[in-house]
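*Asks:* Fold the following and give me the result.
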Amino acid sequence: MNIPKDARIYVAGHRGLVGSAIWRELERQGHTRLIGKTRQEVDLLNPDAVAAFFAAEKPEYVFIAAAKVGGIQANSTQPVSFLYDNLQIQNHLIHNAWKHGVKKLLFLASSCVYPKLAPQPVKEESLLTGLPEPTNEWYSVAKIAGVKLCQAFRRQYGCDYISAAPANLYGPNDNYDPSHSHVLPALIRRFHEAAARRDPEVACWGSGSALREFLYVDDVARACLFLMREYSEEPIINVGGGSEVSIRELTEIVKEVVGYTGAIRWDTTKPDGAPRKLMDGSRLLALGWRPEIGLREGIAIAYADFRARFCR
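*Replies:* Numbering: from 1, shown residues only. Have a look, this model is predicted:
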């Protein structure tokens, strides 16, 4: 599908990690009529506000990157927010996209939609074949519901709605809150602050043995625009480059990039989460997309972003 440069494109969550990257990529590719609203301008939890927004702005294409996100601790302490809020946000957006004639919609899911013990690398066919990882089940259930709602609108109304599940994301504009961030931005902040205080050691959760794949967010943004042009099928599609790293290895890279010289202590009383999560991205790779930014380079860019935002 060709998306005209002057098409009205709405990026829900345009100030977040993924949404801001999609916005940057749209601008880079010459799209001129981008629509982005802050939470104060349009409360996505309010169905009337979302309906009024769609009626007024009439977007033709929609990227749904708005969501309540966070790490293990946030998921375990705020189950209502991660389940109810995410269900409301995506329901309001997807329903109004149909009601107001949006031509195409991309829903950003997550690797968390797949079962904890899914065969690795995780294929799209593993969706709903087992129980989710308990440490993020609330978020997982909400995202699965979003994927299935897009599929339902395709089947019942013929809507061109697609869903993509990216690997773990990081990069500029990430959330570095110590209680609510994901593992990589949390490590960046933890090591930066430890270096500033000259702490002799840094405590990290778990054993460090869990394996994860990390994708630089601008690579994922390119994938999202690629999929909007090249993909139009009901099944969810994975966004992954096929490489993985242990949390222990990841921690050593962050430590080196930040310049921290102390020791690392692993707190094995804390959970590791799923033992391994590697996305099988072969379907997307076969279509021609490839990631461009390596992990060490991406972490260096992310750390520069952290310093620019929080170390003035």
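
*Asks:* Only C-alpha atoms from now on, for both contacts and neighbour counts.
*Replies:* Will do.

*Asks:* Pull the distance from the helix or strand of the chain with the lowest mean pLDDT to the chain's centre.
*Replies:* Taking mean pLDDT, DSSP states H and E as the measure, the helix or strand of the chain with the lowest value is helix 72-77, at a mean of 77. Put simply, helix 72-77 sits 17 Å off its chain's centre (C-alpha atoms, centre = their mean, to the nearest Å).

*Asks:* again, but for stretch 239-246
*Replies:* 14 Å.

*Asks:* quick thing: my sequence starts at 17, can you match it?
*Replies:* Got it, the first residue is 17 from now on, which makes the last one we talked about stretch 255-262.

*Asks:* Can you tell me what sits against the least confident helix or strand of the chain?
*Replies:* Applying C-alpha atoms under 8 Å, 6 or more residues apart in numbering, the external contacts of helix 88-93 come out as 98, 151-155, 195-198, 289.

*Asks:* Quick check: buried residues in that helix?
*Replies:* 88-92 (16 or more other C-alpha atoms under 10 Å).

*Asks:* which of these lies closest to Ala324?
*Replies:* Taking C-alpha to C-alpha as the measure, Ala324 sits nearest to Ala90 out of the buried residues of helix 88-93, at 25.3 Å.

*Asks:* Can you name every helix or strand that the longest helix belonging to the chain contacts?
*Replies:* Under DSSP state H, the helix in the chain containing the largest number of residues is helix 153-173. If contacts are counted by 3 or more C-alpha pairs under 8 Å, 6 or more residues apart in numbering; DSSP states H and E, helix 153-173 sits against helix 88-93, helix 95-96, helix 102-115, strand 120-124, strand 177-182.

*Asks:* which parts of the helix or strand hosting Glu272 are buried?
*Replies:* Using DSSP states H and E, Glu272 sits within helix 263-274. Counting neighbours by 16+ other C-alpha under 10 Å, one finds that the buried residues in helix 263-274 are 263-264, 266-267, 269-271, 273-274.

*Asks:* Could you list every helix and strand that that helix packs against?
*Replies:* Identification of packing neighbours for helix 263-274 by 3+ C-alpha pairs under 8 Å, 6+ apart yields helix 199-213, helix 311-326.

*Asks:* now the angle between helix 199-213 and it, please.
*Replies:* 50 degrees (axes from the mean of the first three to the mean of the last three C-alpha atoms, to 10 degrees).
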